[in-house]
Each structure stands twice: as structure tokens, then as C-alpha cells.
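Visitor: Below is the structure, and that's it, no one-letter string:
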């Protein structure tokens, strides 16, 4: 577990630096057990920072989500660094962003958090729907400990752990400037049995399955906006001419949207699972992402978000690249 | 109109009777509760808290055709909403019905929107009380609503445990009572009294609140306040808070043409999207998420009450519960009050 006073002290030193503009971390949420992103601009604000298993958000998204307005005449752009707290999974987004040249390494200052797993907040909410909070979650051994309203509940880790953590191979950040705790050894493996189960279904079964899911989609684009790899300045979804995907919400356009979203992440998705976490109508987007992840690994022996200097899959070519799936 | 009693055992038969109309109820799609047209009463899922997507989509569909056309032919073939037929939404919550009565004011204001209003005319709303607040983030009681609220409803079903107290509230509600007469019994005199004490009890279970007094007047004075940057720092710019809001009603219109055949469709729009109010010149008066968040709050709590005398928020709590980054409208309003 990350020591919170050490976290705040480190944050205080970093935000006090002249070459750092802001620090993105976590703070307590407004109800229940929730935690949420925190934006710190001033050393006086660091005492709100926390880290616990409720800190689910992948903050790497904010590096590429920044809105860059034109700089007024006579002013210089603010090129100071952005400091960001990342767990192991989140750090892979930074790695992949930098591998794609989204920005230079020296633009960011990475505060690494070796992570022992985060909760699935829906599961917490379902168990304790009436807790106004603030409630606190911590991990003690193989149990999550929840403290709220003067009560203390211990729940076996497996019961509240987020699915992505059950197959996490990178609990310690792969890129960092400061590491807040001892490295955490990988505690899980990934056998892709979920993807294999999906693959084994017939075409008709798969279509019926996805038709029900896609028919629920309201096209709020939260899956795109939360994705640290969805950072195109000009996304095809917002384009009117040509309008690749219509704004109308029906099964045809929804399917086109979801296929486009998944394919644009092939060889790029780093499996942080944020898209599926935020989907208000619970579309299991990670099943699509993981199918493509597995295909890319099998076909090209490539894993995104692991090495900053690895050329991105879609912009590299080897003469012996397999091509027998091309129609 | 006198209240009647509807035994819960008869709800299946009632739904069967109502399926002669276009019948819309909460249904479960995997674990998500949504409103959908049902063909079989068994599809109805009435033991629910509240739906993820509000039933506003029945009267204000996310996408609807306004008219069809053929390139080269000046004739426009208008959509006839009447063809959708008499519709019953069964089992919606009081906050969502109240939201429709709020949105009605906009769609019947300077221009009477024929599509929306025709659909409203065709639709009967049979609501169900909330004995337990569906969410920790419910705050309807702060905004003139109630878990037993009647605004916008044609019939209110008060959940009395083993039966409902059937309260017709409008002419449409009286017609509904006639339609269902053979399933209704006389209510016992004690029920009506018990219902009002149950309402007080249900109100007492709502834990979050805001005093909206003075917010409409104060908001414009905070236009340049640093609070907007602070509350929107974490915003992702997605459409969850607006699309799942029962009172948000912004729409866009686009022509969709394929091989010479086209339609003009309108679809929900969201003030949180980057291309909302983007001008053809490339200028956007709301260039960042700060201005967009300010617009969302100001529209609900200032512009709308100033024009229509009612806040365009019913306190359903969906925007709070489903925000991926825990942006909380109650916290924003508290900051507005304190600023």
C-alpha cells in the first residue's frame, strides 16, 4: 500500500518545481466509496491527494485530453511539465502514447504507483448502495477493508476486485520518474479463456449477442473520451464531411461505430478497461478489445504499451508479416 | 376521481390488456434496465429502482425521421406520428414523468413542436411510487418533486406492498381507469391515508439535497468565476450526463441521403460535445469543457427557470451516479451557493 503522507510529500515537492504546471492524482469522491481525479496546481492543494483501491481512473487520458486553445498574441505557450500518477496498467497508456509520438517524454513527469489491484466500483455500489460516505477502502492481505459510518467490513479480495486486475501482468508501472513504493511482483496471469469462449461461438450466436449489446448503445462516446489511446485531433466520429458514421442511433450505425472503435485500437489498446468501466449501458467492450489484442499478439508477436522505443504495429512492416487473413 | 385498488397479482393481466396499445415498460437487457416496447407482459421488469436511460426517449426519441425526400423531387413526405398509435408507458418513476411536464414547456413555447406534442398527446403515463429511493444520489425532494409525485402522470400507482393504490389524475387517467375497470377494486378508506404517511416516510429516506433558492439569479454573476475550471478539470466531454438526463432536450438535425433517397432526421445532441455550437468558421463560443459545464448547469438552473419558472432538473441523480469521473451537480451547486 502506498503511504499517503509520502505520496503528499512527493506531490508537494513536484508541484513546487518551477518546471511543473500541474499534477494529476486522486482525491475522495462526493459519495459512497468513490475516488475521482484531482488536479493540483499549488503546493497548498496536495493534502487532498489519496491513493486507495477505489482509484480506478486511468489518469493518462488527461495528458492527451488537454484542450489546446490558440495562444493569444504576445503570449508564450505554457510548456511546463504535467505530473501524473499512474498505476501499472495506466502507465502502459503513457508508454503507447509516447511510442506513437503523441508528445515528448520530457513533457510529463510520471509518479508511479505499484498497484495491488483496484475494486470494481459497481460491485461495491451493489453491496453497499445506501452508503452516503465518505467511505474508505483499503487492501489488507487478501481482503478489502471498507470503513464507513463507523462500521468496518472485510470482503474477500476476489469478490470486489476489478476483472482486469484478475489478469494483471504489469502491477508496477513500466515508466516512471518517481516510484511511490516497492515494486509489486506480477500476481496474475492471462490465459484469454474469455476470448476463447467468445471465439468458439457460432457466427449467429455472436451476432445475436452483440446485437443486444449494441442496441443499447446511446452513443454518448464516453468509451472514446475516456480512452487514453483515443486522442485524434479530428475523430472520424465528429466528422460531417464525409460522415463516416452517422449520428443516428440505430443498430446499423451503432455496429459501425463499435467496429470502427475496436479496430482503431488494434495493436494500441493497453487493456486498462476504462471504456467498459464507464459505459452506462454495460457494453462489454473489453471483449472486443481483447479479441484484437490476442490476434495481434498471435499474428505479429506484438504487445502495445510495453516499450517506448518499439515502433507502433500499424506503422511498421516486416516482409514476413502474415497476410493470409486478407480477403 | 376516486382511488382504486389494483392487486399486484393482476398486473400481468393488466399488461396483457394494455398490450392492445403500444406498451412500454422497464425491461432488463442483461443487467441494464431500460424502457422498451414489449410484446409479452413477462418482459416487463417492474421490481426496479430506476432505469439507466430515462423514458424521455419514448416521447423524444434519440433519433427520429422528420420527413423523407427524393433528390430532384421537391415533394417532402412528412412523418405521421399518429401512426405510432396510442402509447402507454407503464411503471415509470415520478421524477421522469415530472421531467416530461418540464420539457413540455419548451416544446410548446414559441414554436409548437408537432412531433413531440403529438407523441405526448398519444401517450398515457402510468407511474409507480418509489418506496425506497432508487439511488443514494436521488434529490427530487429539493426540486418540488416527491417519490410519490404526481406531476406529469396520468395515473399514479402507489406501491402499498401487496397491492397498488390506483390513482387516476387526468382525463387520460380516467380513460385508463375505464379500460382497466374489470381489474380494479374499490380502495379501502384507510389506504389513501396510509399512502400519505408512506409518502412522508419515503421522502425521509432521501439523503442528498440542495436549496435551489437564489441560484438562478446568482449564476450569471459567476460567469468568469474560477469555480468553473475547477469543477470541469476532470470532465471527459462525453454525453453521459446529458443523454441520461430526463430533462435535457437539445437536438441536432441532419440529412441522410443514400442513392438519391433521403430523410431529415433529428437526434439528441449534447452541450458537452466538442462540436456543439461549433460555427462553420471554426469558432466555438464554448471552446473548452469549462464553458460547456457552465452551460449545462446554467441552462438547467438559470436560463430555464427564468423563462419557464421551473428548474430543468428533477433530482433523479443519474448524472451523478453515472459520471465516469464523479462530477457531481450537487457539489457544483453548493460551490455556486458559497461563491
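Guide: On my side now, so go ahead. All figures in this text were calculated on a predicted structure; none of them were measured in a lab. Numbers count the residues shown, from 1 in each chain, chains lettered A, B, ... in the order given.

Visitor: now the residue nearest to the spatial centre of chain B, what's its secondary structure?
Guide: In chain B, the C-alpha nearest the mean C-alpha coordinate belongs to residue B:246, at 2.9 Å (Cα atoms, centre = their mean). Recorded secondary structure, residue B:246: coil (DSSP: H, G, I helix; E, B strand; the rest coil).

Visitor: Contact partners for it?
Guide: Taking Cβ atoms under 8 Å, 6 or more residues apart in numbering or on different chains, we find residue B:246 in contact with B:54, B:55, B:56, B:95, B:96, B:99, B:100, B:314, B:316, B:318. The way it works is simple: take the backbone N, C-alpha and C, and place the C-beta from them, glycine included.

Visitor: filter those residues to the buried ones?
Guide: Using 16 or more other Cβ atoms under 10 Å in any protein chain shown as the burial test, these include B:54, B:55, B:56, B:95, B:96, B:99, B:100, B:314, B:316, B:318 as buried.

Visitor: Return the per-residue confidence for the second one.
Guide: In other words, residue B:55. pLDDT, residue B:55: 98.

Visitor: can I assume it is in contact with residue B:96?
Guide: Yes. Using Cβ atoms under 8 Å, residue B:55 and residue B:96 qualify as a contacting pair, with a distance of 5.3 Å.

Visitor: The residue of chain A positioned farthest from its centre: helix or strand, and which one exactly?
Guide: Largest separation from the mean C-alpha position in chain A: residue A:74, at 37.3 Å (Cα atoms, centre = their mean). Using DSSP states H and E, residue A:74 sits in no helix or strand.

Visitor: what packs against the strand ranked longest in chain A?
Guide: When chain A is parsed with DSSP state E, its longest strand is strand A:20-28. Packing partners of strand A:20-28 (3 or more Cβ pairs under 8 Å, 6 or more residues apart in numbering or on different chains; DSSP states H and E): helix A:4-16, strand A:35-40, strand A:81-86, strand A:108-112.

Visitor: counting contacts, what elements does the lengthiest helix in chain A pack onto?
Guide: Taking DSSP state H as the criterion, chain A has its longest helix at helix A:285-300. Under the contact definition 3+ Cβ pairs under 8 Å, 6+ apart, helix A:285-300 sits against helix A:193-199, helix A:251-263, helix A:274-278.

Visitor: looking at the ones you listed, which is buried most?
Guide: Stretch with highest mean neighbour count among those: helix A:274-278 (a mean of 24; mean count of other Cβ atoms under 10 Å in any protein chain shown).

Visitor: residues in the stretch 101-250 of chain B within reach of chain A, list them.
Guide: Contact residues (Cβ under 8 Å from any Cβ of the partner chain) of the stretch 101-250 of chain B with chain A: B:135-137, B:207-208, B:230, B:233-234, B:236-240, B:243-244.

Visitor: Please check these and keep the buried ones.
Guide: For those, a burial check counting by 16+ other Cβ under 10 Å picks out B:135-137, B:208, B:233-234, B:236-240, B:243-244.

Visitor: Sort out for me which of these are in helices.
Guide: If you go by DSSP H, these have B:240, B:243 in helices.

Visitor: tell me the SS of the closest residue to residue B:308 other than its chain neighbours?
Guide: In this structure, residue B:308 finds its nearest non-sequential neighbour in residue B:105, 4.4 Å apart by Cβ to Cβ, 6 or more residues apart in numbering or on different chains. Recorded secondary structure, residue B:105: helix (three-state DSSP).

Visitor: For residue B:54, see how far away residue B:105 is.
Guide: When distance is defined by Cβ to Cβ, to the nearest Å, residue B:105 is 17 Å away from residue B:54.

Visitor: next one: residue A:3
Guide: According to Cβ to Cβ, residue A:3 stands 44 Å off from residue B:54.

Visitor: same thing with residue A:59?
Guide: Distance, residue A:59 to residue B:54, using Cβ to Cβ: 31 Å.

Visitor: same check, this time on residue A:64
Guide: For residue A:64, the distance to residue B:54 (Cβ to Cβ) stands at 32 Å.

Visitor: residues from the stretch 201-327 of chain A in reach of chain B?
Guide: Neighbours of chain B within the stretch 201-327 of chain A, by Cβ under 8 Å from any Cβ: A:212-213, A:215-216, A:218-222, A:224-226, A:238, A:240, A:243, A:246-250, A:274, A:277-278, A:280-282.

Visitor: at 7 Å instead, please
Guide: Within the stretch 201-327 of chain A, the positions adjacent to chain B are A:212, A:216, A:218, A:220-222, A:225-226, A:238, A:246-250, A:278, A:280-282 by Cβ under 7 Å from any Cβ of the partner chain.

Visitor: I'd like to know which of those are buried.
Guide: Buried residues within these, counting neighbours by 16+ other Cβ under 10 Å: A:216, A:218, A:220-222, A:225-226, A:238, A:246-249, A:278, A:280-282.

Visitor: Which helix or strand lies directly C-terminal to the longest helix anywhere in chain B?
Guide: In terms of residue count, the longest helix belonging to chain B (DSSP H) is helix B:189-204. Remark: after helix B:189-204, the chain's next helix or strand is helix B:215-218, criterion DSSP H and E.

Visitor: Show me what that next one is in contact with.
Guide: Here helix B:215-218 makes contact (Cβ atoms under 7 Å, 6 or more residues apart in numbering or on different chains) with B:301, B:302, B:305, B:306, B:333, B:336, B:337.

Visitor: ok, the residues you listed vs residue A:133, which is closest?
Guide: Closest approach to residue A:133 among the contacts of helix B:215-218 (Cβ to Cβ): residue B:333, at 18.3 Å.

Visitor: Let's have the buried ones among the contacts of residue B:246 in CSV, adding secondary structure and distance to chain A.
Guide: Listed next are the buried ones among the contacts of residue B:246 as CSV, based on DSSP: H, G, I helix; E, B strand; the rest coil; distance: Cβ to the nearest Cβ, whole Å:
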residue, secondary structure, distance to chain A
B:54, coil, 11
B:55, coil, 13
B:56, helix, 12
B:95, helix, 17
B:96, helix, 16
B:99, helix, 16
B:100, helix, 18
B:314, coil, 18
B:316, coil, 13
B:318, helix, 8
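
Visitor: Among the residues you listed, which one sits closest to residue B:87?
Guide: Nearest to residue B:87, judged by Cβ to Cβ, of the buried ones among the contacts of residue B:246 is residue B:55 at 10.6 Å.

Visitor: quick one: that closest one and residue B:95 touch, right?
Guide: No. The pair residue B:55 and residue B:95 does not pass the contact test of Cβ atoms under 7 Å, sitting 10.6 Å apart.

Visitor: circling back: average pLDDT for the longest strand of chain A?
Guide: Averaged over strand A:20-28, pLDDT sits at 98.

Visitor: Please apply the same query to stretch A:201-219.
Guide: Stretch A:201-219 comes out with an average pLDDT of 97.

Visitor: Go ahead and measure how far it is from the middle of the chain.
Guide: When distances are taken as Cα atoms, centre = their mean, to the nearest Å, stretch A:201-219 is centred 24 Å away from the chain's centroid.

Visitor: Can you list the buried residues in that stretch?
Guide: Across stretch A:201-219, burial judged by 16+ other Cβ under 10 Å covers A:210, A:213, A:214, A:215, A:216, A:217, A:218, A:219.

Visitor: ok, now stretch A:169-182?
Guide: Across stretch A:169-182, burial judged by 16+ other Cβ under 10 Å covers A:170, A:171, A:172, A:173, A:174, A:175, A:176, A:180, A:181.
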